[in-house]
Each structure stands twice: as structure tokens, then as C-alpha cells.
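Colleague: Just the structure for this:
(one chain, ligands or ions: 1)
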Amino acid sequence: MADVFGLGIESSCDETAVALVKNGREILAAPIFSQIEIHKPFGGVIPENASRAHLDKIPWLLKEALAQFEHPLAKLSYVAATVKPGLTGSLLVGYNTALAVSLLSQAPIIPVHHLEAHLYAAILEGKKIEPPFLGLLLSGGNSAIFRVDGLSKVTVLADTMDDACGEAFDKAASLLQFPYPGGPEIEKAALRFMAENNITLTAEESWSQKNPLPVILKDQPRVEPRFSFSGIKTALLYLLEKQSNPYYSRDALAYFFLQRATESVRRNLGIALESSGLKQVVFAGGVAANSYLRAHVEKVCRRHQAELIVPHRSLCTDNAAMVAAVGYLYYQAGYIPQVYAVASDNAFNFQPS
Ligand code: KG4
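Modeller: The predicted structure is shown next:
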């Protein structure tokens with residue numbers, strides 16, 4: 001069978017990325033530009049600045065991704081681009097680039113749902129991901145558990161009532177005066193505190209009882225998984241304003257925050273596994289890079305005899321290879337959804353053409 005070369009384009013938030021992928025699995029080139037330094041002074045992503053940075057960088061990344069072929073446009077079988085969800089201006093830059101490449105190459109555009117791409121990223125590492133499975137997605141913009149029954153057949157089982165998980169980490173880190181993005185800083189500080197106090201994952205119960213931050217949705221019946229992170233963050237704010245005796249260090253508070261956020265993830269994943277009976281979990285999104293959270297998610301999966309798949313760190317964060325990979329699944333299935341522009345909704349129901 002002839003090799004299939006696909007181009008992936010990702011520009012939904014603060015990473016500009018283009019990838020050339022062979023047969024949906026082999027990454028041939030994946031140049032990426034992270035806008036972290038651009039947004040750092042503002043402590044978060046400024047949409048207009050993000051769009052401008054995408055516009056500046058995308059032609060160069062495209063050139064780099066296609067550099068290895070003499071006549072690259074003739075080689076492409078499809079062009080996959082993220083069309084939702086994301087910042088509208090940023091999505092437009094990626095989508096219009098894809099449109100131009102598609103017109104020049106005659107390769108069809110495959111519109112990609114960013115979250116669906118996250119859920120299948122691990123196939124780039126040769127991992128077998130087969131619906132039906134549960135997707136746990138924790139990122140800067142999302143905290144959700146999905147039931148995945150096939151391409152575009154994704155049901156939201158749990159969503160956040162307020163902040164996304166990564167967003168809450170970033171805000172908590174900012175309260176604790178750690179630099180942006182705060183998630184990795186909270187992790188480092190929490191692990192330092194755990195090491196200093198010989199805290200192990202198996203003996204955390206007493207620390208949970210000592211944790212001054214509240215357990216959110218504690219009395220919620222165990223039927224419907226639901227995330228909420230802003231209450232933990234607000235409690236942290238009040239504690240910081242008032243704390244005197246005991247006085248908690250920044251590392252201690254980072255640990256307490258991480259512990260409470262993780263408890264919420266454990267609880268919700270447990271409910272979803274129990275109620276769905278599914279035995280495969282894909283854990284994706286930037287927050288999946290957190291080793292503490294991952295270890296706890298592993299424990300929950302073991303308890304429910306479910307297999308856990310977590311993509312490598314580099315594939316957990318936003319990238320274009322995962323866009324090309326999920327695009328390949330659609331291409332192979334002959335299922336090219338009809339989308340003529342970036343989408344303002346987040347629904348998963350792409351309609352086949
Ligand atoms: O999926 P992602 O790269 O993109 C967006 O959704 O924008 O996720 C980024 C988020 C940020 O909020 C960041 O603080 C968080 O993931 N994150 C982490 C860690 N690494 C990244 N959160 C907790 N622990 C980490 N090690």
C-alpha cells in the first residue's frame with residue numbers, strides 16, 4: 001500500500017505547530033513555536049497577541065515541515081487542521097493556512113476537533129487506542145471526561161463547573177507568586193515538600209486530613225462526575241491573606257492545592273469508570289504531564305482493572321502531530337467532515353460529507 005503523507009496544523013491557543021506525519025504514526029517533522037515568552041508578562045494568553053504570533057510564525061513552520069520533499073505539495077494526501085475549540089483569531093490563522101495548502105495541493109482538508117486529537121495522540125507512539133474508551137482531558141482550557149465510541153462519537157460525561165484544571169493551577173501558582181505557566185511550578189514545589197516531609201503516595205491520608213484547603217463537592221452523590229476547581233483556588237487566596245499560625249510555606253500550599261485538585265480528579269474518574277464499565281482510559285492534555293496526578297490516576301485505573309494510556313509529555317501538550325494523526329483516522333475511514341470555516345461551537349458531531 002502506498003504511504004500516506006498528512007500535514008497537521010495546530011493554532012488553537014498559544015502553540016503554533018505544523019507537522020508532517022507518515023501513515024498517521026510516523027512523525028517526519030514537527031516544528032513548533034511556543035508563545036509562552038510572549039504571554040508571560042501578562043500572566044496568561046492575550047488572544048490578539050496569540051493570533052499575531054501565529055501569523056508571524058506559521059509560514060516558517062510550514063516551510064520547515066515540508067523542507068524534506070522536493071515537491072511537497074504533490075506528496076500530501078490530506079491537510080488536517082484544528083477548527084475547534086480555541087481562540088477564534090488563532091484558529092483562523094491555522095485554518096486559512098490549511099485552506100491555502102489544500103487548494104495548492106488538491107489534498108482535502110480534514111477539520112479536526114482539538115480535544116479529539118488529544119485523545120488519540122498516543123497512537124503516534126504505537127499505542128493501540130480503540131473505542132469504546134474513556135478520555136480524561138485536563139488542560140489549560142478543559143477539564144473533562146469523555147466516553148469515546150468512535151470518530152466524532154464523543155459524549156461528555158464530566159465537565160468543569162468553573163475553572164479548567166490547568167487554569168486553576170496557573171491561577172494558584174500566580175497567588176503563590178510562581179512564574180507562568182504555573183502548573184509545572186506547582187508540581188515542582190509540591191514534590192519538594194513531599195520529599196522534605198517523606199510523604200509517599202501510599203501514606204497520604206493523614207496529610208489529606210491536615211490539608212487546610214476544602215474538599216470541593218464533598219457531599220455530591222456518587223452518580224454524576226463533575227469538576228470544580230475555583231473553590232480550592234479561592235480558599236487558597238483567603239488562606240494566604242489570613243494565615244499566621246500555622247504558617248504554611250509556598251511549597252506546602254502548592255502540595256495542598258495539588259492534593260485537593262487530584263482528589264477531585266480521582267473521585268470523578270472513579271465514578272466514570274464505575275458507571276461506564278469501560279476498561280481503557282486515555283489521559284491527555286497539558287496537566288497529564290504532572291507526575292503526581294498521573295500516579296494517582298494510575299492507582300484509580302488499577303483499582304478498576306482498566307488500562308491507562310498517557311502520551312509522552314511532548315505529545316500531551318498542544319502539537320500538530322496529533323492533529324495529523326487523528327486526521328489520518330478520518331482519511332482512512334473515508335470520513336471527511338464538512339466544515340467550511342473555523343467553528344464557534346465545541347460539539348463533537350462533525351457531519352460526514
Ligand atoms: O494542553 P495544554 O498544553 O494547552 C492548553 O490547554 O493551553 O495545557 C497547558 C496547561 C497549563 O495550564 C499548564 O499550567 C498545565 O497545562 N500544566 C501543568 C503541568 N504542565 C503543564 N499542570 C500541572 N502540572 C504540570 N506538570
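
Colleague: How about the residues of the stretch 51-200 of the chain by the ligand?
Modeller: 139-141, 166-167, 169-170, 181-184, 186-187 (CB under 6 Å from any ligand atom). Any C-beta I mention is one placed from the backbone N, CA and C, and that applies to glycine too.

Colleague: Can you tell me which of those is nearest Pro131?
Modeller: Closest approach between those and Pro131, by CB to CB: Ser139, at 21.0 Å.

Colleague: show me what contacts that closest one?
Modeller: His118, Ala164, Cys165, Gly166, Ala284, Gly285, Gly286, Val287 (CB atoms under 8 Å, 6 or more residues apart in numbering).

Colleague: Tabulate the CA atom coordinates of the helix or strand where the fourth one lies in PDB.
Modeller: Secondary structure assigned from DSSP states H and E places Gly166 in helix 165-175. Taking Å, rounded to 0.1, in the frame of the first residue of the first chain, the C-alpha atoms of helix 165-175 are listed here in PDB:
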ATOM      1  CA  CYS A 165      -7.800  22.300  35.800                       C
ATOM      2  CA  GLY A 166      -4.700  23.800  34.200                       C
ATOM      3  CA  GLU A 167      -6.200  27.300  34.500                       C
ATOM      4  CA  ALA A 168      -6.700  26.700  38.200                       C
ATOM      5  CA  PHE A 169      -3.100  25.500  38.600                       C
ATOM      6  CA  ASP A 170      -1.900  28.700  36.800                       C
ATOM      7  CA  LYS A 171      -4.000  30.900  39.000                       C
ATOM      8  CA  ALA A 172      -3.000  29.200  42.200                       C
ATOM      9  CA  ALA A 173       0.600  29.500  41.100                       C
ATOM     10  CA  SER A 174       0.200  33.200  40.500                       C
ATOM     11  CA  LEU A 175      -1.300  33.600  44.000                       C
END
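
Colleague: now the helix or strand just after that helix: how far from the chain's centre is it?
Modeller: Counting by DSSP H and E, the element after helix 165-175 in chain order, helix or strand, is helix 182-196. Chain-centre distance of helix 182-196: 20 Å, with CA atoms, centre = their mean, to the nearest Å.

Colleague: now the angle between helix 165-175 and helix 182-196, please.
Modeller: Here the directions of helix 182-196 and helix 165-175 differ by 70 degrees (axes from the mean of the first three to the mean of the last three CA atoms, to 10 degrees).

Colleague: ok, and for helix 182-196, which residues are buried?
Modeller: Gly182, Gly183, Pro184, Glu185, Ile186, Glu187, Ala189, Ala190, Leu191, Arg192, Phe193, Met194 (16 or more other CB atoms under 10 Å).

Colleague: and what of stretch 316-332?
Modeller: For stretch 316-332, by 16+ other CB under 10 Å, it's 316-331.

Colleague: Find the residue at the geometric middle of this structure.
Modeller: Geometric centre of the chain, nearest residue: Gly285, 2.0 Å, by CA atoms, centre = their mean.

Colleague: Pull the contacting residues for that residue.
Modeller: Neighbouring residues of Gly285 by CB under 8 Å, 6+ apart: His118, Leu137, Leu138, Ser139, Asn142, Cys165, Gly166, Cys316.

Colleague: would you turn these into a markdown table with secondary structure and pLDDT?
Modeller: Formatted as a markdown table, the contacts of Gly285 follow (DSSP: H, G, I helix; E, B strand; the rest coil; pLDDT from 0 to 100):
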| residue | secondary structure | pLDDT |
| --- | --- | --- |
| His118 | helix | 94 |
| Leu137 | strand | 95 |
| Leu138 | strand | 94 |
| Ser139 | coil | 90 |
| Asn142 | coil | 86 |
| Cys165 | helix | 94 |
| Gly166 | helix | 93 |
| Cys316 | helix | 87 |
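
Colleague: quick one: Leu91 and Ser291, what's the gap?
Modeller: Distance, Leu91 to Ser291, using CB to CB, to the nearest Å: 31 Å.
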